[in-house]
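Chemist: Provided below are the primary sequence and the corresponding predicted coordinates.
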Amino acid sequence: MTEAEQALAALIALMARLRDPQRGCPWDRAQTFATIAPYTIEEAYEVADAVEHGDAGQLRDELGDLLFQVVFHARMAEERGWFDFAAVARAIHDKLVRRHPHVFAGVALAPEDLVRVWEEQKAQERAAAGPVPHGAVRVLAGVPRALPALTRAAKLGRRAARVGFDWPEAAEVRAKVLEELHEVDAAQADAGNSAAAPGAVAEELGDLLFAVVNWSRHLGVDAEEALRAANGKFERRFARMEALAAERALALEKLSAAEWDALWCEAKLNAS
């Protein structure tokens, strides 16, 4: 047994011990798929954060935390008689072999064909997953609802585009963005005339965001990554404003709009 196999076997055994009905940890025994799922999502984000910071030690630790989430879910499934960790590992192994015929089946593929073949294989797997009522094609099936909203919007847009439901050019999506922006303005203008207006504004803002995500897709930009970058830039610039205000003994809560604007402009020059 290799060192990696030994370490994984020890982790699986540890998880079984934590879930032991008599000798385990009360907290671990009380958990369910539903209660653990939010931690799984959180750990995935922490892996992404470690990657973004380029911290090898943090990345190792966060990958361990994420692996523990997989082991936790697999253990709960094993307790129910569904499957165990080995079945999880075999399933992803076999899936990756199927999706890489150019590596494992000797099929010659040009680089530009790789994504197409991958998506075709995924579509075949979804079709084989079970019968579809009335023969319908579930183009959007299987896009996880727990994904970040921007990421899920982009995946939904890509799925729909594969069957032709899409704008031909990025300029047309831009026009749709402007149309949705006008509809937000119209819903906001009606806010004083209807009890349902706040809900209407939220609905139109959602449509606007969805259109922006699809515009990003047409421009070849990952909307989730673009917003993450914008968040980071805002944090850096705001921190610079705080530093400038502290240097000048200015109380943030007492700054006027003009003073805030001046600090912001100065921060933009000194923080990327």
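Modeler: Sure thing, it's come through. Numbers count the residues shown, from 1 in each chain.
Chemist: Against which helices or strands is the helix or strand of the chain with the lowest mean pLDDT packed?
Modeler: Per-element confidence for the chain was summarised using mean pLDDT, DSSP states H and E. The lowest value among helices and strands belongs to helix 114-128, with a mean of 74. For helix 114-128, the helices and strands in contact under the criterion 3 or more CB pairs under 8 Å, 6 or more residues apart in numbering; DSSP states H and E are helix 85-98, helix 101-104. C-betas here are computed from N, CA, C, even on glycine.
Chemist: Report all helices and strands that the last one contacts.
Modeler: So that's helix 101-104. In this structure, helix 101-104 makes packing contacts with helix 114-128, judged by 3+ CB pairs under 8 Å, 6+ apart.
Chemist: now the very next helix or strand once past the helix it packs on and helix 114-128, what's the angle there?
Modeler: Sequence-wise, the next helix or strand beyond helix 114-128 is helix 149-162, with elements assigned using DSSP states H and E. Per axes from the mean of the first three to the mean of the last three CA atoms, to 10 degrees, the angle that helix 149-162 makes with helix 114-128 is 90 degrees.
Chemist: Toward the C-terminus, what is the element adjacent to helix 149-162?
Modeler: Under the assignment DSSP H and E, the closest C-terminal helix or strand after helix 149-162 is helix 170-189.
Chemist: If you average the pLDDT over that next one, what comes out?
Modeler: Confidence over helix 170-189 (mean pLDDT, whole number) is 93.
Chemist: The helix or strand just after it: which residues count as buried?
Modeler: Scanning the chain past helix 170-189 towards its C-terminal end, the next helix or strand to appear is helix 197-218 (assignment: DSSP H and E). Buried residues in helix 197-218, counting neighbours by 16 or more other CB atoms under 10 Å, are found at 200-201, 204-205, 207-218.
Chemist: Which of those sits closest to residue 226?
Modeler: Nearest to residue 226 among those is residue 216, at 6.4 Å by CB to CB.
Chemist: Now the closest one: closest residue in space that isn't a chain neighbour?
Modeler: Taking CB to CB, 6 or more residues apart in numbering, and ignoring the residues beside it in sequence, residue 216 has residue 223 as its nearest neighbour in space, at 4.1 Å.
Chemist: and that neighbour, how many neighbours does it have?
Modeler: For residue 223, the neighbour count with other CB atoms under 10 Å is 22.
Chemist: OK, contacts around residue 219?
Modeler: By CB atoms under 8 Å, 6 or more residues apart in numbering, the contact list for residue 219 reads residue 170.
Chemist: give me phi/psi at it?
Modeler: phi -90, psi 0 (degrees, to the nearest 10).
Chemist: what's the answer for residue 256, then?
Modeler: Residue 256 adopts backbone torsions of phi -80, psi 170, taken as degrees, to the nearest 10.
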